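[1] I would like the atomic coordinates for the input below:
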Amino acid sequence: MGKPLKTAVLVSGGGTNLQVLIDEEHTMNSSGEQCPYEIALVVSSASNAYALERAKKANIPNFVASPSLLLGEKAKNATRDEKRFAVSNKVFELCKEYKIEVIVLAGFLTVLGGSIIDKYAEKIINLHPALLPKFGGVGMFGRYVHEAVLASGEKESGITVHLVDAGCDTGKILLQKRVPVLPNDTPETLYERIAPYEHQAIVEGLKLLAKKLS
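    Here you go, the predicted structure:
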């Protein structure tokens, strides 16, 4: 095996999936088995994301790339595309600076666009809390996804790890994990059933990508 792939993890919230990736890297390397990835950069779209604290504790370079920070006063009247391209371009700039080879979207709430998509074609993965191609697209994240699944009467849900392209949740699927939807489920209980599989899938997905690129 060659050198571990320099990886950027993009976050917006608590960072539990980031923590799972950090822990797996540490566990593998501590056991003498080289981890196929090295988390070399963490970027958050929110300045108050606890994921930043997780990165600091692990001594991983971390940055905030929020529309308000990048656009200043202009952020108040900026369009969705102006905000997302400002964030995307900043992430791209940081990835170039840190010589990043692959990118993981771990609960990142900005849809990437522009040069970063071309430069990192088939080298970006995203974790989505539903069985794509169902329940994907703009506005479908977190609780909104689980509410839509329950409202539709679906008998199962789960998570998808997919490659990121210029669309939103439209890239090639790498893996899926399925869970049953129970009669009395709420968005919260459905999420609780799905969450452990998210943690498994984000690790498996990144290892799959690393193997594909090695």
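
[2] could you look up the SS state of residue 189?
    Put simply, residue 189 is helix when judged by DSSP: H, G, I helix; E, B strand; the rest coil.

[3] with residue 140 instead?
    Secondary structure assignment for residue 140 (three-state DSSP): coil.

[4] pretty sure it contacts residue 148?
    Yes. Judged on C-beta atoms under 8 Å, residue 140 makes contact with residue 148 at a distance of 6.8 Å. Heads up, the C-betas are built off the backbone N, CA and C, glycines and all.

[5] find residues that contact each of those two.
    residue 130 (C-beta atoms under 8 Å, 6 or more residues apart in numbering).

[6] hey, where'd the strands end up in this protein?
    Taking DSSP state E to define them, one finds strands in the chain at 5-11, 37-44, 62-64, 102-105, 124-128, 156-163, 173-180.

[7] list the buried residues for the helix or strand of the chain with the lowest mean pLDDT?
    For the chain, counting by mean pLDDT, DSSP states H and E, helix 67-71 ranks last in confidence among helices and strands (a mean of 92). Buried positions in helix 67-71, judged by neighbour count with 16 or more other C-beta atoms under 10 Å: 67, 69-71.

[8] CSV for these, including distance to residue 124?
    Conversion of those to CSV gives the following (distance: C-beta to C-beta, whole Å):
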residue, distance to residue 124
67, 20
69, 22
70, 20
71, 23
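
[9] ok, so of these, who is nearest residue 193?
    Comparing the buried residues of helix 67-71 against residue 193 with C-beta to C-beta places residue 67 closest, at 33.2 Å.

[10] touching, the closest one and residue 78? I think so.
    Yes. Between residue 67 and residue 78 a contact is recorded at 6.4 Å, counting by C-beta under 8 Å.

[11] overlap in contacts of those two?
    Taking C-beta under 8 Å, 6+ apart as the contact rule, residue 67 and residue 78 both touch residue 86.

[12] now do stretch 52-66: distance to the chain's middle.
    Here stretch 52-66 is found 15 Å from its chain centre; the criterion is C-alpha atoms, centre = their mean, to the nearest Å.

[13] residue ranges with poor pLDDT in this structure?
    Scanning the chain for pLDDT under 70 picks out 1.

[14] what bridges to residue 39?
    Taking DSSP bridges, one obtains residue 7 as the residues bridged to residue 39.

[15] run through the helices of this protein in chain order.
    Using DSSP state H, the helices found in the chain span residues 16-30, 51-57, 67-71, 80-97, 115-119, 143-152, 187-213.
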